[in-house]
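A.B. asks: model the following, please.
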Amino acid sequence: MEETRQHRSLRAVPNDRTLHDWKNHWIHDETAIYCAQCLASQSVLDAQAPFVHHRGCGYAHPLFAHYPWQDLARILRADMLKELSRP
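C.D. replies: Numbers count the residues shown, from 1 in each chain. Next comes the predicted model:
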């Protein structure tokens, strides 16, 4: 419960802008995303929750939260819109 309250006060970390950038930080399979540094994972069922890194992970930040599922969805939507808008 304490962990949940702590995450509510966190701001979203500035997210990756491209799929290439995203892949530098995250590993994806059909049902989970893993941090490329600490290998902590998050199920697609928890996509709305902030990602919880393992203690000591260099990618974790005490004031920011990562939302890799949401970042991935935003990047893929932007890429699709670019493709659809091409003549």
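A.B. asks: every contact and neighbour count from this point should use C-alpha atoms.
C.D. replies: Will do.
A.B. asks: what is the burial count for Ser43?
C.D. replies: Neighbourhood size, Ser43 [other CA atoms under 10 Å]: 15.
A.B. asks: residues in contact with the residue nearest the centre of the chain?
C.D. replies: The residue at the geometric middle of the chain, judged as the C-alpha nearest the mean C-alpha position with CA atoms, centre = their mean, is Pro68 (1.3 Å). Neighbour list for Pro68: 26, 33, 47, 51 [criterion: CA atoms under 8 Å, 6 or more residues apart in numbering].
A.B. asks: ok, and the most crowded of these?
C.D. replies: Neighbour counts for the contacts of Pro68 peak at Phe51, which has 22 neighbours (criterion: other CA under 10 Å).
A.B. asks: picking that back up, among the contacts of Pro68, which ones are in strands?
C.D. replies: When strands are assigned by DSSP state E, the members of the contacts of Pro68 inside them are 26, 33.
A.B. asks: mind checking the longest helix of this protein?
C.D. replies: Of all segments of type helix in the chain, defined using DSSP state H, the longest is helix 68-85.
A.B. asks: just checking, Gly58 touches Ala36?
C.D. replies: No: under the criterion of CA atoms under 8 Å, Gly58 is not in contact with Ala36, lying 10.3 Å apart.
A.B. asks: so the two - more neighbours on which side?
C.D. replies: Each of Gly58 and Ala36 had its neighbours counted (other CA under 10 Å), and the higher figure belongs to Ala36 (16 against 10).
A.B. asks: got the confidence number for the more buried one?
C.D. replies: If you check Ala36, the pLDDT there is 96.
A.B. asks: residue contacts, it?
C.D. replies: Listed by CA under 8 Å, 6+ apart, the contact set of Ala36 reads 24-27.
A.B. asks: many thanks, have a good one.
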